[in-house]
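Q: Quick one, fold the following:
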Amino acid sequence: MSIPTPDEFPTIRARLRFYQVTAWITGVLLLLLVAEMVLKYAFNLEVELGGPFGFIATLPPEQVTAINLSKWILIIHGWFYVVYLLACYLVWQKMRWEIGWLLAMAGGGVVPFLSFITEHLMTRRATRQLAEYREHWTERDREDAQLADVEAGLSERERADLDARVAEEVARRQER
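A: From the prediction side, this is the model:
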């Protein structure tokens, strides 16, 4: 499995921030949608914005004459969920996670309160992995520098002997 390179880290952090914002907005919109559904199906009420009964009022559906906020909450959440899915995909794709993580993130936008939990867990996971990846690349750079120092200290004869031994080992492994 390949891991992100350090030059990808800023992009990943930006995508992670986008994911965090969309997760919170999606979560709030989902809670509003649940409240709207309770009003609609339990009490047969819709939320009206800017109507004759005040800035915001709950009314039976047939009495709504101004902006039907209930319908707008439904529409906005639906479209914003698409933006949330895009944010999930962007993080998942750059972090190179398994498909199960994408499905877990996507599920966060359909279960009330779950987007807040998945956002916290996925952000923590991504942040922890980025720190591990940074350590990996730092260690690799240190090993490359040590190897370069060793190679710089070799004489022409030692370099030729080493190249010959490496070629023999490569040939031996290819025969297997």
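Q: so where's the protein shaky on pLDDT?
A: Applying pLDDT under 70 to the chain flags the ranges 1.
Q: Let's see that with 80 instead.
A: Along the chain, the parts satisfying pLDDT under 80 run over 1, 176.
Q: need the contact list for the residue of the chain most remote from its centre.
A: Residue farthest from the centre of the chain, counting by Cα atoms, centre = their mean, is R157 at 52.5 Å. By Cβ atoms under 8 Å, 6 or more residues apart in numbering, R157 lies in contact with nothing. For every residue, glycine as well, the C-beta is placed using N, CA and C.
Q: Tell me which residue is most central in this structure.
A: Note: the chain centre (Cα atoms, centre = their mean) maps to V91, 3.2 Å.
Q: after the strand or helix carrying W24 comes which helix or strand?
A: In this assignment (DSSP states H and E), W24 forms part of helix 9-43. The C-terminal neighbour of helix 9-43 among helices and strands, as given by DSSP H and E, is strand 46-51.
Q: picking up where we left off before, what's the angle from whichever helix or strand the residue nearest to the centre of the chain is part of to strand 46-51?
A: For V91, the host element (DSSP H and E) is helix 69-95. Using axes from the mean of the first three to the mean of the last three Cα atoms, to 10 degrees, the direction of helix 69-95 lies 110 degrees away from that of strand 46-51.
Q: Let me know the angle separating helix 69-95 from helix 9-43.
A: Angle, helix 69-95 to helix 9-43, by the same axes, to 10 degrees: 150 degrees.
Q: how distant is helix 69-95 from the center of its chain?
A: Put simply, helix 69-95 sits 12 Å off its chain's centre (Cα atoms, centre = their mean, to the nearest Å).
Q: Kindly report the same for stretch 159-170.
A: Per Cα atoms, centre = their mean, the centroid offset for stretch 159-170 relative to its chain is 45 Å.
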